[in-house]
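Colleague: Fold the following.
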Amino acid sequence: MTLQLQLVLALLVVAIVLFAIGRPRTDVVALLMMAALPFTGAIDVGEAIAGFADSNIVLIALLFVIGEGLVRTGVARKMGESIVHHSGGDETRLLVGLMLVVALVGSIMSSTGVVAIFIPIVLRIARSTGISPGRLMMPLSVAALCSGMMTLVATAPNLVVNGEVLREGHDGFQFFSFTPFGIPILVVAIAWMLIARRWLPGDAQAEGAAKRPGFADWIESYGLAGREYRVRVRPNSPLIGQLAADVEDHALLGTHVLAFERLARFGRTRLVSPEGARIHAGDVLLLDAHAPSLDCEAMLEAQGLDALPLQGAWFSDYANDIGMAEMIVPMNSRLVGASARHARLRASHKLAVLGVKRGKTAEVKRVEEVKFQVGDTLLVAGPWSAIRALGSDPGRLILLDLPAEFDDVAPTASRAPFAIATLLLTIAMMVSGVVSNVHAALIGSLLLGATGCIDLRSAYRSIHWPSLVLIVGMLPFSLALQRTGGVDLAADILAAVAGDANPRLILAALFAVTAILGMFISNTAVAVLMAPVALALAEELHASPHAFAMTVALGASTAFMTPVSSPVNALVVGPGGYRFGDFVRIGTPLAVMALVVTVVLVPLVYPV
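Modeller: Here you go, the predicted structure:
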């Protein structure tokens, strides 16, 4: 063993220890390794930072952008909400549906991003069904990890392993090369979680489930129920051609016109802001009747309006477009001593004041006439963009609280069809091989921007830079270990231990080593380290390089055993109320099952 190899291995041990203890952050550790490796003499500075130009790094960044497009258009949220509808409240069907949807979405976008998207959805499911978050959060993380075994682009380790296969001069994996192994492992994981859920915490108070006000809470505390009306404008209505602001002050005095529903192209319905809009025949108006003495039925008949049914209490089913927030009147506010009517918040900021709270008492009668005092809490409603804008003006109001529904707002929901079409097109390009994967992802990202699904700011913000830096920082270890003979040494050791053993036993050992390393360091870092070892071992044994590379990729995604094995697990610890031992108890048997499935199936697809 040369001095260079000893230095490289020493740095590797230091990195593993730092990853295991969690200090400093993983991306900082990666940067430290990038700075330290050139001092070993195995690589130079240019090679240490070459990972920033790696096409796989660009691809991963672009996949974050595509995932953001699904979030901003509400596609991911709609998929999650459909789970509750189809499960009918049954916990078994709910768990199976959740894991299937998460695995499906995770097969085409970052598993970490999928978990981040689904945590608030699962918490809402838990609240609505009465199921403990602890019984759903670990199935969520397990499904997200299994999704990494579904397609080539599902997780970073797959791309890292594929890149190493290509660098060694072999044909790379195809988009669906992982699917024959991922689906059986997912089926096993679902069956295991149905059995193991009884050992998950059922009563623990999860950190992420801390009570946060929602629409339902404010509807009750401010007495909004019964004030909501959804009406259609008749062809003979005297309101036709008038501005919404004008009818609020005259024909519909005592009401707020919150929005219009208006038919758009292709028979779709879109929500229109009432500011500056004129009323047309056939429009559907969303009204808040705040005046207590108002005879709504008589008013509707006089103004040529037909009442229509509503699904949610006080427009809660319109939460993606009509927002609510609590705001406080500060000491220096220009609103002190003014009423909502005098302040004209509707005209200047597109917001309606629904209620005023002083102390614990909410004033909902004649709110338009209540004069604001310092410290008053106002419940306002209007477009989410208007709420954000007013919250940035401390001279008027200070944003006090946003409802839980704010986390699920899709600001470009009307662009959802474009997001779905772009996603399907991107996948088609990747599957067909017409262009490279990174080229397909770049085209998809640009199409999302061109169709208004995302903007530049949200696209840049969506990229998880610490993950990219971690990958870039660990890539030089692969080159350094190859240069110093470390990869060949590891392959020789594994080959010597295996001897003339059955190839399946050798694959089992390779899978086990990969999975065990993944208990302490990032699965991406494990893939970076083990991929060259696997290919060198395959070459020494004259076996299929694809079988050994696939085993490493699957083993790297088998990060079920500890909460620090993957960011996916770390994200659900708080919301699920889990302890370290919960992952060991549930994840270890599942990892063994994944090993068995891998050892049985991989040689069938890639004969060794």
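Colleague: Can you give me the buried ones in the lengthiest helix in the chain?
Modeller: Longest helix in the chain by number of residues (criterion: DSSP state H): helix 580-605. Across helix 580-605, burial judged by 16 or more other C-beta atoms under 10 Å covers 582-583, 586-587, 590-591, 593-595, 597-599, 601-603. For every residue, glycine as well, the C-beta is placed using N, CA and C.
Colleague: Who are the packing partners of that helix?
Modeller: Judged by 3 or more C-beta pairs under 8 Å, 6 or more residues apart in numbering; DSSP states H and E, helix 580-605 is in contact with helix 134-147, helix 179-196, helix 503-517, helix 545-557.
Colleague: for the record, mean pLDDT for the helix or strand following the second one?
Modeller: The reference is to helix 179-196. Downstream of helix 179-196, the first helix or strand assigned by DSSP states H and E is helix 215-221. The average pLDDT for helix 215-221 rounds to 85.
Colleague: Please apply the same query to stretch 98-117.
Modeller: Per-residue scores along stretch 98-117 average to 81.
Colleague: then it to PDB, C-alphas only?
Modeller: What follows is stretch 98-117, C-alpha atoms only, in PDB (Å, rounded to 0.1, in the frame of the first residue of the first chain):
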ATOM      1  CA  LEU A  98     -49.700   6.400  -0.700                       C
ATOM      2  CA  MET A  99     -46.700   4.100  -1.300                       C
ATOM      3  CA  LEU A 100     -47.700   3.500  -4.900                       C
ATOM      4  CA  VAL A 101     -48.200   7.200  -5.700                       C
ATOM      5  CA  VAL A 102     -44.900   8.200  -4.000                       C
ATOM      6  CA  ALA A 103     -43.000   5.500  -5.800                       C
ATOM      7  CA  LEU A 104     -44.500   6.600  -9.100                       C
ATOM      8  CA  VAL A 105     -43.800  10.300  -8.700                       C
ATOM      9  CA  GLY A 106     -40.300   9.500  -7.200                       C
ATOM     10  CA  SER A 107     -39.400   7.400 -10.300                       C
ATOM     11  CA  ILE A 108     -39.200  10.600 -12.300                       C
ATOM     12  CA  MET A 109     -38.000  13.200  -9.800                       C
ATOM     13  CA  SER A 110     -35.800  13.500  -6.700                       C
ATOM     14  CA  SER A 111     -36.900  11.200  -3.900                       C
ATOM     15  CA  THR A 112     -35.900  13.900  -1.400                       C
ATOM     16  CA  GLY A 113     -38.100  16.300  -3.300                       C
ATOM     17  CA  VAL A 114     -41.000  13.800  -3.300                       C
ATOM     18  CA  VAL A 115     -40.900  13.400   0.500                       C
ATOM     19  CA  ALA A 116     -40.700  17.200   1.000                       C
ATOM     20  CA  ILE A 117     -43.800  17.500  -1.200                       C
END
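Colleague: just the CA coordinates of the longest strand seen in the chain, formatted as PDB?
Modeller: Of all the elements of type strand in the chain, the one with the most residues (DSSP state E) is strand 255-263. Backbone C-alpha positions of strand 255-263 (Å, rounded to 0.1, in the frame of the first residue of the first chain) are rendered in PDB as follows:
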ATOM      1  CA  THR A 255     -71.100  41.700   0.600                       C
ATOM      2  CA  HIS A 256     -67.500  41.100  -0.700                       C
ATOM      3  CA  VAL A 257     -67.100  39.900  -4.200                       C
ATOM      4  CA  LEU A 258     -64.100  37.600  -3.700                       C
ATOM      5  CA  ALA A 259     -63.700  36.200  -7.200                       C
ATOM      6  CA  PHE A 260     -65.500  35.300 -10.500                       C
ATOM      7  CA  GLU A 261     -65.700  31.800 -12.000                       C
ATOM      8  CA  ARG A 262     -65.600  32.300 -15.800                       C
ATOM      9  CA  LEU A 263     -65.600  29.800 -18.600                       C
END
